[in-house]
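S.K.: coords below, sequence missing:
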């Protein structure tokens, strides 16, 4: 048995409990199973550290990272009795309510934990692509709607379909919309010319062996899919 003073103090659990609402969107069975696995207090820390879903769960609770690092922070999360119980109950509800039919991605993202037709927070997306682990920075610092991940060879494009002038400036009211089931109209940032290095990477990503990951939400209040 672990001594009482080794358990996280209740005040610290309150801080973690407030973050649980940020996971109500989780809807793919594989991620639900992975988060349950990571919440097992008896899980070997080395196994937890190597789990591809670990950064996604970690940065969901600590977007800027925790002082003790990912492995110890997740172990602390797993030992937080009230948080673990609430989160496991939430995952049960998510599993019951989901109607998602996720599919494995292809190309450079074939081995990633991301799936098509699933919903993610911005922190989960960035963490799954290596921000905070393989790439310098943290998901909490991601404010732009575009980001190049050189280690993963992926361009992440975050799209909001319904934009309002109250939330977007005239320079960022990009015309993004679906043309049909397989084609999307997307406008780059005004600073990105078609012939610039970034513009060329977008246009010739297949020839260059990189991938464009288009993540779409209906409005600013929605999760990203």
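M.R.: Structure received. Because the structure is predicted, anything quoted here is derived from the model rather than measured.
S.K.: quick one: the helices in the protein?
M.R.: Assigned by DSSP state H, the helices in the chain fall at 10-17, 29-38, 45-50, 54-61, 70-79, 81-97, 122-128, 197-203, 205-208.
S.K.: Just tell me which of those helices ends up closest to residue 144.
M.R.: With CB to CB, the closest approach to residue 144 among the helices of the chain belongs to helix 122-128: 10.6 Å. Using the backbone N, CA and C atoms, a C-beta is placed for each residue, glycine as well.
S.K.: For residue 197, see how far away the most centrally placed residue in the chain is.
M.R.: Nearest to the mean C-alpha position of the chain, counting by CA atoms, centre = their mean, stands residue 124 at 1.4 Å. Distance of residue 124 to residue 197, computed by CB to CB, to the nearest Å: 28 Å.
S.K.: ditto for residue 78
M.R.: Distance, residue 78 to residue 197, using CB to CB: 43 Å.
S.K.: Got the phi and psi for residue 42?
M.R.: When read as degrees, to the nearest 10, the backbone of residue 42 gives phi -90, psi 0.
S.K.: Mind pulling up the pLDDT for it?
M.R.: pLDDT for residue 42: 96.
S.K.: Could you check how far it is from residue 185?
M.R.: Taking CB to CB, one finds residue 42 at 50 Å from residue 185.
S.K.: now do residue 77
M.R.: Look at residue 77 and residue 185: by CB to CB, they are 41 Å apart.
S.K.: So which other helices or strands are in contact with the worst-scoring helix or strand of the chain on mean pLDDT?
M.R.: Lowest on mean pLDDT, DSSP states H and E among the helices and strands of the chain sits strand 177-178, with a mean of 74. Strand 177-178 sits against strand 184-185, with contacts defined as 3 or more CB pairs under 8 Å, 6 or more residues apart in numbering; DSSP states H and E.
S.K.: pretty sure the residue nearest to the centre of the chain contacts residue 59?
M.R.: Yes. Under the criterion of CB atoms under 8 Å, residue 124 makes contact with residue 59 at 7.3 Å.
S.K.: tell me, what's touching the two both at once?
M.R.: Shared contacts of residue 124 and residue 59, defined by CB atoms under 8 Å, 6 or more residues apart in numbering, comprise residue 139.
S.K.: mind listing what residue 91 touches?
M.R.: Here residue 91 is in contact with 23, 26, 32, 35, 36 (CB under 8 Å, 6+ apart).
S.K.: Report how many residues lie close to the fourth one.
M.R.: Residue 35 has 22 neighbouring residues, counting by other CB atoms under 10 Å.
S.K.: cool, and the last one?
M.R.: By the measure other CB under 10 Å, the count of residues near residue 36 is 15.
S.K.: Could you measure from the closest residue to it other than its chain neighbours over to residue 150?
M.R.: Take residue 36 and drop its neighbours on the chain: the residue closest to it by CB to CB, 6 or more residues apart in numbering is residue 91, 6.0 Å away. Look at residue 91 and residue 150: by CB to CB, they are 33 Å apart.
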